[in-house]
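# Give me the fold of what follows.
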Amino acid sequence: QVHLVESGGGLVQAGGSLKLSCTYSGLTFKSYAMAWFRQAPGKEREFAAAISRDGASTDYAESVKGRFTISRDNDKNTVSLQMNSLKPEDTAVYFCAAGMKNLRIGVRDYVYWGQGTQVTVSS
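Numbering: from 1, shown residues only. So this is what the prediction gives:
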């Protein structure tokens with residue numbers, strides 16, 4: 001059974017930074033491609049960043065490219081999202097997800113999901 005738990009969300013001023021973490025429990029973390037999605041109030045869940053199983057490749061939504069960095073530690077079973085230069089439009093619940101195929105951007109491409117962590121960026 002795979003279990004994902006996000007942490008690190010909070011309230012930050014525009015221009016600030018936050019680092020989200022996702023802890024994985026279950027078998028063979030390195031077998032899963034990982035991603036972060038986000039969902040703002042009244043909007044659909046959207047892709048933010050993805051990382052391959054070995055951590056060598058990443059992909060980002062255009063809206064976060066150059067500001068967010070996804071990384072993973074396969075020894076510690078964690079995936080992180082460093083978010084810099086935050087904007088009010090980054091306000092959302094951020095979800096960690098695990099899937100079988102590398103660098104996919106669709107919600108349906110991911111099998112396991114965490115409960116989410118709230119990020120609020122004030123202007």
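
# drop to CA atoms for contacts and neighbour counts, all remaining ones
OK.

# Tell me how many other residues crowd the nearest residue to residue 13 once chain neighbours are set aside.
Nearest residue to residue 13 in three dimensions, chain neighbours excluded: residue 122, at 4.8 Å (C-alpha to C-alpha, 6 or more residues apart in numbering). Neighbour count for residue 122, taken as other C-alpha atoms under 10 Å: 16.

# now residue 28
11.

# and stretch 14-22, how far from the chain's centre?
The chain centroid and the centroid of stretch 14-22 are separated by 11 Å, computed with C-alpha atoms, centre = their mean, to the nearest Å.

# Can you check the distance spanned by that stretch, start to finish?
One end of stretch 14-22 to the other measures 23 Å (C-alpha to C-alpha, to the nearest Å).

# Could you report the pLDDT at the residue positioned nearest the centre of the chain?
Residue closest to the average C-alpha location in the chain (C-alpha atoms, centre = their mean): residue 36, at 2.2 Å. Residue 36 is assigned a pLDDT of 98 by the prediction.
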